[in-house]
Structures are given as C-alpha cells and as structure tokens.
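Novice: Could you work out the structure for the sequence below:
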Amino acid sequence: IRMVVFDARTRKLIEDKDEELQEVREELTTLRLSVAQKDKELKKATEALAHARRQYGDLQGQYDSLSDASTQQRRTIERLEAELSTQSRINRRYLEQVAKQEQMLSLICAYKGEDERRD
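Specialist: All right, here's what the predicted structure looks like:
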C-alpha cells in the first residue's frame, strides 16, 4: 500500500475541484428536473393536440354532413322552383283559356239575348 501525502496547495486544488463537481451535480439535478417538467408539458401538449385533432375530425364530419344536406336542400328547392314555374305557366294558359271561353260565352249570351228580343 502506498500512501500519498498531499501538500496544502494540492489539497486546496482537490477541494476546489470537489466544489466544482458538486456544483455540476446540482446543475445536472436541476436540469434533470427541468427536463422532467418539460417532458410533462410536452405530454400534455401532445394529448391536447390529439384531442384537438379528434375534435377537428368530428367537426369536419359535421361540416361535410351539413354541406351535403345543404346541397341536397338547394337541389330540392331548385327542382321545386322549376316545378312551380312550370305550374305557373300552365295556370296562366288555363286562365287565358277560361277568359276566352267566358268571353265567348258572354258573346253567345248577348247574341241570344238580342235574338230573343227580336222574337
């Protein structure tokens, strides 16, 4: 066994290095705690992002569904408007025919009335 004897200057150097090493250890512990905290925050942010993506998917599905329904309703409205326009044209023609028939009936009645007066 060999004994090592240190002089005061060497001992002071070793003590300084021990202090530096202790400071580095404390800094490392602080950094580990900081990293652990950042990992927790990252996990929460990742979970929040996943939740937001699920919500986005749900909302996109609802939007697509509403958009499809709106498109279908718009087509139905356009079809009904076309049918209404067609029916309106038919009704106008019918009313024109009724007006002509009334006019003819009125002329016939007037003619008969004059014919009866003559007799």
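
Novice: Mind pulling up the pLDDT for R117?
Specialist: R117 carries a pLDDT score of 70 in this model.

Novice: That one is in what secondary structure piece?
Specialist: Counting by DSSP states H and E, the element that carries R117 is helix 8-118.

Novice: Can you name every helix or strand that that helix contacts?
Specialist: Using 3 or more Cβ pairs under 8 Å, 6 or more residues apart in numbering; DSSP states H and E as the contact test, no helix or strand touches helix 8-118. Every C-beta, even on glycine, is put in place using the N, C-alpha and C of the backbone.

Novice: from the chain's centre, how far out does that helix sit?
Specialist: Computed by Cα atoms, centre = their mean, to the nearest Å, the chain-centroid distance of helix 8-118 equals 4 Å.

Novice: switch to numbering from 10
Specialist: Let's use 10 as the start, then, which means that last one is helix 17-127.

Novice: send the alpha carbons of stretch 64-75 over as PDB?
Specialist: Output for stretch 64-75, consisting of C-alpha atoms alone and laid out as PDB, is shown next (Å, rounded to 0.1, in the frame of the first residue of the first chain):
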ATOM      1  CA  GLN A  64     -62.400  17.500 -32.400                       C
ATOM      2  CA  TYR A  65     -61.400  18.800 -35.800                       C
ATOM      3  CA  GLY A  66     -62.200  15.400 -37.400                       C
ATOM      4  CA  ASP A  67     -65.600  15.400 -35.700                       C
ATOM      5  CA  LEU A  68     -66.300  19.000 -36.800                       C
ATOM      6  CA  GLN A  69     -65.100  18.200 -40.300                       C
ATOM      7  CA  GLY A  70     -67.500  15.300 -40.400                       C
ATOM      8  CA  GLN A  71     -70.400  17.500 -39.200                       C
ATOM      9  CA  TYR A  72     -69.500  20.200 -41.700                       C
ATOM     10  CA  ASP A  73     -69.400  17.700 -44.500                       C
ATOM     11  CA  SER A  74     -72.700  16.300 -43.400                       C
ATOM     12  CA  LEU A  75     -74.300  19.700 -43.200                       C
END
